Each structure stands twice: as structure tokens, then as C-alpha cells.
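[1] pasting the sequence and the predicted coordinates here, then a few questions.
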Amino acid sequence: MATPCKDGKLGHSNSSNSLDNGKYVRYTPEQVEALERLYHECPKPSSLRRQQLIRECPILSNIEPKQIKVWFQNRRCREKQRKEASRLQAVNRKLTAMNKLLMEENDRLQKQVSQLVYENGYFRQHTQNTTLATKDTSCESVVTSGQHQLTSQHPPRDASPAGLLSIAEETLAEFLSKATGTAVEWVQMPGMKPGPDSIGIVAISHGCTGVAARACGLVGLEPTRVAEILKDRPSWFRDCRAVDVLNVLPTANGGTIELLYMQLYAPTTLAPARDFWLLRYTSVLEDGSLVVCERSLKNTQNGPSMPPVQPFVRAEMLPSGYLVRPCEGGGSIIRIVDHLDLEPWSVPEVLRPLYESSTMLAQKTTMAALRQLRQIAQEISQPNVSGWGRRPAALRALSQRLSRGFNEALNGFTDEGWSIMGNDGIDDVTILVNSSPDKLMGLNLSFSNGFPAVSNAVLCARASMLLQNVPPAVLLRFLREHRSEWADNSIDAYSAAAVKVGPCALPGSRMGSFGGQVILPLAHTIEHEEFLEVIKLEGMGHSPEDALMPRDIFFLQMCSGVDENAVGTFAELIFAPIDASFADDAPLLPSGFRIIPLDSVKEASSPNRTLDLASSLEIGPAGNRSFNDINANSGCTRSVMTIAFEFAFESHMQEHVASMARQYVRSIISSVQRVALALSPSNLGSHAGLRTPLGTPEAQTLARWICHSYRCYLGVDLLKSSNEGSESILKNLWHHSDAIMCCSLKALPVFTFANQAGLDMLETTLVALQDITLEKIFDDHGRKTLCSEFPQIMQQGFACLQGGICLSSMGRPVSYERAVAWKVMNEEENAHCICFMFINWSFV
């Protein structure tokens, strides 16, 4: 038998090019080159293709097809071994770096223990001291108390270079004490996934002023490149509106001091935006580490000041920054610290948990920085053209434009040309108008026939609402998957026409229903926490001519926050109409939804809880958590949803468009409230960790029928133990590894039930399952196979289907090794439904 060897050789052979006893052959360089060319075209050629290769390449004529087959087998084996070796090397590098972080963290914890022991002894010694009453007896650590004493003893400083350098050096020392010392008590970020594939080691503060988060991770970029990316905060921090560098001063040690003014968008219409007046210090430590640290400049420091800017609330950044160390073998080990005081007093009480949450800060800022670095590192290492012929950087830019446009509309700053219109007596929906040339030039409006556009203004209708007892991720998934439940097709057609085609009448009555929504995946981030896609609405009509020949409408859409287990994340669905040509500079008028969890962002970390870094070294995936664990982490009883919709229009139609937009947003609010009530766990559950209608007697009965029918027709048990009670049968069926789903016995079969794997495969929820017909998930070949096997299912009771491809509700192809279909009988021995089980399925 031939064995793998080096350079395309198989086993040992004589130096001749002929076959040696029909077993081994040594290939010439020309033969290897010809085989390599074919391998890159087709790594697994068929028998006919291999024979064709022998005919087309005379230099291979003395080699048997069987030997060529073995060569390709060995070549694929070497390729697989090479990829596995590369993967293991990457894992080893990351484990080595994480081990270094662990040792540093262990040193920090030992120092913290020593400080606490000292503090305990100090307070014991002075318990009876009468002067104790005048001292600070709070729960702050001794290091933090020391910092307060130092602050009060700081000498006055001015805006001179020497004064700024003094502030910078102090900022550096305080930042390092947080990044590697004990100045802040850190506890592990809840809900983080352990393992070398995780984003890093993330911690949040406990019991300190303001909110703080810290992350440690390994990125495949050099330190200078890391610092360059992180300094460009608007490129990765979606809430950052602008960062203006007002002054730059070089220092004697080769560093730089910068004075910055930074503005942040408000996440909702219910709160004002924030701004910061900052000093940023960049320097290199003695060990070669690169440090970028920042802090707010306040009047107490006697440094340069910045007057308040309306309508912003001046927030404070306590010493924060980035510590970047070069890593052996390439890349960098980075520590990020964010420490802010966001002035929660300035927002309504219901929103204060959002501004008092270190978890939310970690998700929105600290982890966002790490994700950006990992994304860019992956794009550099794999510079492939991705969705629709675009490079990843171009797709990231589109996501950034969608997010930025939505934030601009939601905040409506006057310096960008926005002005508020009067309301109609009810202030639930705010209407803003923008007719500035900059806004319209950014849209690049034009007719398809080349004439200039007459739309000379943009209108935004925005509103916020409080939601109860509905998880943001579940609600957002429903809005994404079932656009027809809340959107008006005539409004969609009007928006698309106003941006792309030119003069268009206001929408009147609906001209029919949606022909269908097709979701075309475009790109996603490494951890799949955000994805970009194109939405195709089929058979839409806006004008009477369109009613005769409906056309398709396209939207560019960004979706994030659909993971129910993530803690402290926003759920966003932002979209904008685009032309079918979809140019990189396509005009974008973003609209959409943002759902912000409120109750789940409250900090629940125990002060006695230590940072469990050892769990981050586990290679395997995190174990499955129980329902109670998931529900405790992801359960959210209150959230605030903010809606913003933009429309381009002609200025003389302003009142009519405003009236239309106001009514449209009100209808969306009504639809969202209806959907949220239906999705509430008290009325209806969904899949994953949430409470589902699976506990109902009807569901338990159906599970019993499914298992009983499977055993009757196939002669084996579907579940390992089917002699348990109905509740246990249902639970085991729900957690079965294969996708199991039932469809009705109707002229147009629709799905009525699916287990967890089935919902994952169809990319849907239980509440949306009944909108999916059986024929939609199969391709042409699958439908033909099913039609031919259907009589056998009804007569014999079951049928085994060969492996193939089916489609999820999102249009993604899903491959499966094989499938089994059987007839489910009720207690009267009548056919109740058809059950399908897809074995070893995966997304293509």
C-alpha cells in the first residue's frame, strides 16, 4: 500500500520513472507540477477527470490512474496536516501568551492579598483609636484610598509643557496600576466564553467610582499598528461622533502629549449626548511596551480648560488606555482599561442602569476595541475578496456608514443641519428635517436616467418606547425575519424610489402584499455578533405601472445583538434602500431599531468573587448551561427601543411627508407592541434558553406520538430512554442532536413543531415556524425526491432520504448526511403529521 511521502513521492522506489511492481512510483518534477496544477483547480478529481488528465498530459502516460488517485489522496492528507499544524501553532502561541497573562494576574492578586492583609491589620490595631472616626472607613482598597490622598496633595499645575507632562506622568502611573496592579478590584465579566478562541480575558470593576472594564488579549498585529488603530476611535467605536486633536506636544522621552475633544452619540432619544476634554499621552516603557493613556482634564488640575458645549453633557474619563507588548513569534499582547464617569444624574431614572453598568461599557467599548483588532488581523492574514466581490475593509466601511447614519438621525444635532418640526398635538413621535447641502451631497441622489434629483431635503421620524418582559434578541430576530409583520410595502417602495429613481408620489393605500423577503448574507464578524446582509423584497410596487410589473427592492441591512446569552449588548437592526448595482459609494439613508436592555445590565458580581482566569485556558467549548443559568444571564424584563426612519423628499411636500412618516412610525410602534406581547415568555416562549410552550400537555403528547410512531415503523427507539414520563420525553426530544421537525398534512404543508436543533437549522423561532412551508426548505432536487417518496411514507409509514442540500429561512444552504421521514400517528391511529429528522446537518 502506498504511504505519504515528501515532494509528491510515494514510498520507496528505484530511480526509474516506470512502475515498480505496480505499487510504487517516483514522479519527475514535471509530473509533480502537472499534478499540482490540477490539484489547485480540483483537489478531489473524479475518475473521469483523472483519466482525462492522463490523456492531456503525455508525461503522465506511464502512470496508472490508481497511482494518480493515491497521489491526490496523499496530497489532500498533507494539506490537511499542514492546516492542522498551523492551527495548533496558533493555539500554542495564544496559550503561551495567555499563560504569561495568567502569571501576571497571579502576581497582581498576590499583591492585592498582601494589601488586604495589611489593611485588615491596620484597622484591627486602630479599632479603639478615637481618631478613627475622622478617617475613611469605606470598603475601598488601600491603594484607592492612597490615590485619594495623593490627589489632594497634587501641586497646582498650569497649561505649560511642564505642567502637562506632570499630568501625563501621573496618568501613566494610575493607568498602569489599573492595568497590571491593584488600584481597581476586578471581577470576571459574566457570560464570557472560555477557550483559546475567545476574544480574551475580560473583567469589570467592583465598587469603584464610575464604571470600568479591562480586557487582555492576543492580536496578530505589531504594537505600532495596534496603537494606530486604537487611537482612531471613530473607526471602531460606533458611539464616537468625532475626536478632534487640538494640540500636540513632543516630550523629552520621545513620547507625545495630545489635547483632545471627543463627542459621543446618545444611544437613545431619551438621553443627551456626552463629550470629553482629554489629555492623551503616548510613550514607550523601559521593557519596550507601548503605552497610550488618557484622562479628562478638570479645573482642579489647573490645566487647560474647555468650555461646555451644548447639547452635550461633559463626562469624565478617569485614567484609561492601552498597554501593548510585542509577543514572541509575532503579534502583540494588549491590555485595555476603560474607566468612565458618565454622569448618570443627567438621564431619567429608568435609564440610569445603562450609565452605571461596567458590563455595558465592556461590551460597547473595551471588547469592541479587541474585536476590531482581531478583525483587521484576520483580514491582513486572509486578504480574500468576500461577499459580492468586495474586500472586508469595504464591507466594514458600509457597516460603519449604516451605524453612523442611524446615530446622526437619532441624535439630530443642529450643527449637522437638523431642525425639529412642530408636532400634531401628540409628542410621541419627533419629526426632524435636514436640508443642508452636506447631507444631500452625501446622499448623491440622482435619477436612473441621469437627470438631477429633485429631492432636496431629508426627514427623520424618531421615537422611543419602554418594553416589558421580552428579550431584545428574540424581538430583534422576529423583526428581521418577518418584515411584513411591521413594515408597509408602499413606504418601502417610496423610500427606495426617493433615493434611487427620482420624483415619486406619496404612498397611498397598499398595492398588494409582500411577494417575499430573501436575505442574502454578505459578511459577518469573527464572533458572528454582527452581520451585514442584503434584503431583497420581491414583487414590490409603488406606482400604478409597478402594479402591472412589480419590481424587486433591495436594502442593505446590518444586524447585531441576536445572541440571547450575551450580557449587556444592544440589539440593532439598521437598513437603508440601495440600488441593485450596489456601489461602494451608494447613497445611504439608514433607518431601523435599537433595543437596549436595562435590567440585565445591573451589576451582580460579588465582591468576594475572584477573576477565574484558569477557565480561559480550556480548549474545548463551554459546557452547555442549564436553562436557569441562561435565563439568569440573558433574562431581561425591561428594555428601551428607539426607532428612527429617514425619508428623502421634495421640500414643497414637507407637511405631507411629515404626516406620512408620523403615522408610519406610530403604526410600527403599535406592531412592535403587539409582537412584543406575543413574544413575552408569559404568553409565548421561544427557543434557546427561554421558556417555551414545550411544557404544555399538547407538546408532551406530540412528543410521545413522534417517538411511538418512530419505534413502530423503524423498529428502534428514537431516544435512548423512551420509557420515562411525557415531560422527560419532550425534554430529550427537544435537546436531540439531530434536527427534528413536524409538518402538517395539508395541501401546502407548513411546519408545526421543531426541536432546538431544528430551529437552529431553519434559523427561526417557534413563533415564526408556522410561516415556513415545507417546499421552501428544499431545492429542486430535494422537492422531486420528496414527491417520489411521499406515497411510500403514507403507505409504508417511513422513508429514508439520501443526503443533500436544503435551505434555512434565511436562505442559507444547509447540507445533511441523510434524512428520515415518518408518519406520526395519534392515539386513534390516524395520521397526525409528517416528522423529518435531518442527521449530521451543517451550514455550507
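    That came through fine.

[2] part of a helix, is Leu351?
    Yes - in this structure, Leu351 lies within a helix as judged by DSSP: H, G, I helix; E, B strand; the rest coil.

[3] list the contacts of it.
    Contact partners of Leu351, counting by CB atoms under 8 Å, 6 or more residues apart in numbering, are Thr268, Leu270, Ala271, Leu598, Val640. Every residue, glycine included, has its C-beta placed from N, CA and C.

[4] again, 6 Å this time
    Leu351 sits next to Leu270, Ala271 when contact means CB atoms under 6 Å, 6 or more residues apart in numbering.

[5] then Ile535?
    Going by CB under 6 Å, 6+ apart, Ile535 touches Ile519, Phe555, Gln557.

[6] tell me which of those has the lowest pLDDT.
    Within the contacts of Ile535, Ile519 has the lowest pLDDT, namely 81.

[7] for it, which non-adjacent residue is closest in space?
    If the residues on either side of it in the chain are set aside, Ile519 comes closest to Met810, at 4.7 Å by CB to CB, 6 or more residues apart in numbering.

[8] quick check: the one you found touching Glu763?
    Yes - applying CB atoms under 6 Å, one finds Met810 in contact with Glu763, separated by 4.6 Å.

[9] tell me the mean pLDDT over the host helix or strand of Val117?
    Following DSSP states H and E, one finds Val117 within helix 65-125. Helix 65-125 shows a mean pLDDT of 75.

[10] circling back: buried subset of the contacts of Ile535 as a PyMOL selection?
    To isolate the buried members of the contacts of Ile535 in PyMOL, using 16 or more other CB atoms under 10 Å:
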select buried, resi 519+555+557
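
[11] any idea which of the contacts of Ile535 is closest to Asp717?
    Closest approach between the contacts of Ile535 and Asp717, by CB to CB: Ile519, at 37.7 Å.

[12] could you list the buried residues of the helix or strand hosting the closest one?
    Using DSSP H and E, Ile519 sits within strand 517-524. By neighbour count on 16+ other CB under 10 Å, the buried set for strand 517-524 is Gln517, Ile519, Leu522, Ala523, His524.

[13] packing partners of it?
    In terms of contacts (3 or more CB pairs under 6 Å, 6 or more residues apart in numbering; DSSP states H and E), strand 517-524 is packed against strand 530-540.

[14] where does the stretch 451-600 of the chain have low pLDDT?
    Residues of the stretch 451-600 of the chain meeting the criterion pLDDT under 70: 451-455, 497-516, 539-550, 600.

[15] can you give me the helices for it?
    472-481, 489-500, 544-548 (DSSP state H, counting those that start in this stretch).

[16] can you give me the helices in the stretch 651-800 of the chain?
    Counting by DSSP H, counting those that start in this stretch, the helices of the stretch 651-800 of the chain are 654-679, 697-714, 726-734, 756-762, 766-769, 774-777, 780-796.

[17] what about stretch 233-244, start to end distance?
    Using CA to CA, to the nearest Å, one end of stretch 233-244 lies 11 Å from the other.

[18] show me what it is in contact with.
    Stretch 233-244 has contacts (CB under 6 Å, 6+ apart) with Leu260, Tyr261, Met262, Gln263, Leu264, Tyr265, Ala368, Gln372, Ser403.

[19] which of these are buried?
    Leu260, Met262, Gln263, Leu264, Tyr265, Ala368, Gln372, Ser403.

[20] just those now: which is nearest Leu340?
    For the buried ones among the contacts of stretch 233-244, the residue nearest Leu340 by CB to CB is Leu264; the value is 9.9 Å.

[21] so what's the nearest residue to the closest one once chain neighbours are set aside up against?
    Nearest residue to Leu264 in three dimensions, chain neighbours excluded: Arg274, at 4.5 Å (CB to CB, 6+ apart). Taking CB under 6 Å, 6+ apart, we find Arg274 in contact with Leu264, Val313, Ala315.

[22] out of those, who's nearest Ala179?
    Using CB to CB, Ala315 is the member of the contacts of Arg274 that lies nearest Ala179, at 21.2 Å.

[23] what's the burial count for the closest one?
    Neighbourhood size, Ala315 [other CB atoms under 10 Å]: 21.

[24] that one and Ile380, how far apart?
    Here the criterion is CB to CB, to the nearest Å. By it, Ala315 lies 34 Å from Ile380.

[25] do you know the pLDDT at His810?
    Just to correct that, residue 810 is Met rather than His. pLDDT, Met810: 74.

[26] got the phi and psi for it?
    phi -90, psi 0 (degrees, to the nearest 10).

[27] please name the nearest non-neighbouring residue to the residue sitting nearest the centre point of the chain.
    Of all residues in the chain, the one closest to the mean position by CA atoms, centre = their mean is Glu529, 1.4 Å from it. Among residues not flanking Glu529 along the chain, Ser560 sits closest, at 6.0 Å (CB to CB, 6+ apart).
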